[in-house]
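Novice: Got a predicted structure here, sequence first:
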Amino acid sequence: MNDLTRQFRDFFVSLRLTVVLLGLSMLLIFAATIDQVNLGIWAVQQKYFQTFFVLWKVGEVPIPIFPGGYFLGGLLFVNLIAAHVYRFKLSWRKAGIFMTHLGLILLLLGQLFAGLWQQEFQMRLEEGQPKNYSESSRYMELAITDTTNPDYDDVVVIPTELLERGEVVQHPKLPFRVVPKAYYPNASLQNRTEAAGQPPSLATIGPGTQIDAAPMPVTYKPDETNLPAVYLELVGPEGSLGTRLVAPIPVLQQTFAVGGHTWKLALRQARSYRPFTLTLLKFNHDIYAGTDIPKNFSSRIRVTTPDGRDDREVLIYMNNPLRYSGLTFYQASFEEGNDHLTILQVVRNPSWLLPYVSCVLMAVGLVVQFCISLTGFFRKRRLSAVPAAP
């Protein structure tokens with residue numbers, strides 16, 4: 001092994017690297033905690049932890065200023081594996097250490113998988129209302145619905161990522177192309193006034209001709225919401241069908257006729273449909289006597305499947321979620337003044353068991369290593385107390 005290879009190996013095996021990575025991780029967590037006041041929890045996770053580098057914008061140019069969670073976690077993972085390969089030898093006397101390190105490895109992998117695969121939605125349920133979909137609180141979609149048939153709706157969904165990139169969408173079910181003209185993740189909507197010298201509106205048809213949309217900075221604060229808006233042109237075989245302004249407010253959810261069909265155009269929260277239905281039977285909201293402080297709130301839910309194989313009632317309350325079909329339904333919130341509506345948090349995390357397994361492994365590993373060390377201590381003490389043979 002040449003000197004360069006040895007130095008490369010020693011770098012990844014080094015205990016100093018472990019200490020430096022743990023120190024940098026503490027600084028990263030501290031900075032993210034402080035910045036959470038401005039960005040909110042989801043933006044902080046994406047900026048600090050679900051990235052290789054924390055970026056700082058100088059003008060419009062993002063510059064990396066600190067290693068991110070993926071970078072630090074990946075290096076710590078490599079450091080831990082390398083230490084076991086080159087420094088530790090298999091031995092029963094170190095069984096606890098191996099179990100503890102295995103638990104730490106699973107914890108790192110669990111966080112990685114959660115960042116890659118975890119999805120979170122919300123489901124608002126009113127009493128007696130069956131629902132088979134949940135909605136995202138962070139992502140939007142453009143829904144183009146063919147409402148011609150009275151028995152069902154035929155929906156084509158376009159993610160807002162395509163609209164933001166300005167990509168032209170031609171779906172086989174649509175008799176027109178969707179051409180984004182401008183997309184604002186957050187916008188200010190105001191009634192249009194006919195002032196002298198005012199530039200013409202981007203919208204040429206529909207209620208959007210009377211409304212101006214101006215871009216606004218995206219907000220990440222938990223008590224504020226973004227209002228996205230998009231100008232898009234519909235182009236049929238015979239030419240343009242006009243440019244419309246669409247936003248998630250009732251007045252800009254539009255209905256029009258093209259090709260003998262009736263279409264509805266709406267910008268809405270992204271939906272996730274499931275092959276089962278939840279129905280709210282009863283919502284209970286208990287408060288402490290003489291106050292408005294919530295004491296307990298719970299939802300009695302009926303779960304049904306189209307094939308009739310599952311039809312049962314469950315009670316969801318704080319710290320007692322419903323786990324069903326790979327999803328976890330938490331009692332998240334309710335609407336103030338409305339005792340007939342509940343809000344459930346819907347989480348899909350295929351790796352949700354890994355943190356529990358890793359914590360158990362680390363705890364058992366520490367206990368095992370302590371017992372091994374304690375047994376060795378008593379053995380040495382007993383042997384030292386035996387008098388030497390004459």
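Specialist: Received, thanks.

Novice: what packs against the lengthiest strand in the chain?
Specialist: In the chain, taking DSSP state E as the definition, the longest strand is strand 261-287. For strand 261-287, the contact count by 3 or more CB pairs under 8 Å, 6 or more residues apart in numbering; DSSP states H and E identifies strand 119-126, strand 130-146, strand 154-159, strand 239-246, strand 254-258, strand 294-304, strand 327-335, strand 338-348 as packing neighbours. Backbone N, C-alpha and C define where each C-beta goes, glycine included.

Novice: For the ones you listed, could you give me JSON lines that also reports distance to Q210, mean neighbour count and mean pLDDT?
Specialist: Formatted as JSON lines, the helices and strands packed on strand 261-287 follow (distance: least, CB to CB, whole Å; neighbours: other CB atoms under 10 Å; pLDDT from 0 to 100):
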{"stretch": "strand 119-126", "distance to Q210": "30", "mean neighbour count": "18", "mean pLDDT": "91"}
{"stretch": "strand 130-146", "distance to Q210": "21", "mean neighbour count": "18", "mean pLDDT": "92"}
{"stretch": "strand 154-159", "distance to Q210": "25", "mean neighbour count": "15", "mean pLDDT": "93"}
{"stretch": "strand 239-246", "distance to Q210": "9", "mean neighbour count": "19", "mean pLDDT": "93"}
{"stretch": "strand 254-258", "distance to Q210": "13", "mean neighbour count": "13", "mean pLDDT": "91"}
{"stretch": "strand 294-304", "distance to Q210": "41", "mean neighbour count": "17", "mean pLDDT": "87"}
{"stretch": "strand 327-335", "distance to Q210": "31", "mean neighbour count": "18", "mean pLDDT": "88"}
{"stretch": "strand 338-348", "distance to Q210": "32", "mean neighbour count": "18", "mean pLDDT": "89"}
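
Novice: What residues does the closest residue to E167 other than its chain neighbours make contact with?
Specialist: Distances taken as CB to CB, 6 or more residues apart in numbering place P180 nearest to E167, at 7.2 Å, with adjacent residues excluded. Counting by CB atoms under 8 Å, 6 or more residues apart in numbering, P180 touches 162-164, 166-168, 230-232.

Novice: Can you check which of the helices and strands packed on strand 261-287 gets nearest to V360?
Specialist: strand 327-335 (19.7 Å; CB to CB).

Novice: partners of the closest one, with directions?
Specialist: strand 322-324 (antiparallel), strand 338-348 (antiparallel) (DSSP bridges).

Novice: Dump those to a markdown table, plus distance to V58.
Specialist: Formatted as a markdown table, the strands paired with strand 327-335 follow (distance: least, CB to CB, whole Å):
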| stretch | distance to V58 |
| --- | --- |
| strand 322-324 | 46 |
| strand 338-348 | 37 |
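
Novice: Nearest to M26 among those strands would be which one?
Specialist: For M26, the closest of the strands paired with strand 327-335 is strand 338-348, at 27.5 Å, according to CB to CB.

Novice: which element follows the closest one toward the C-terminus?
Specialist: Using DSSP states H and E, the next helix or strand after strand 338-348 towards the C-terminus is helix 354-385.

Novice: count of neighbours near the closest residue to F66 other than its chain neighbours?
Specialist: Nearest in space to F66, with sequence neighbours left out and distances taken as CB to CB, 6+ apart, is V54 at 4.2 Å. V54 has 21 neighbours, counted by other CB atoms under 10 Å.
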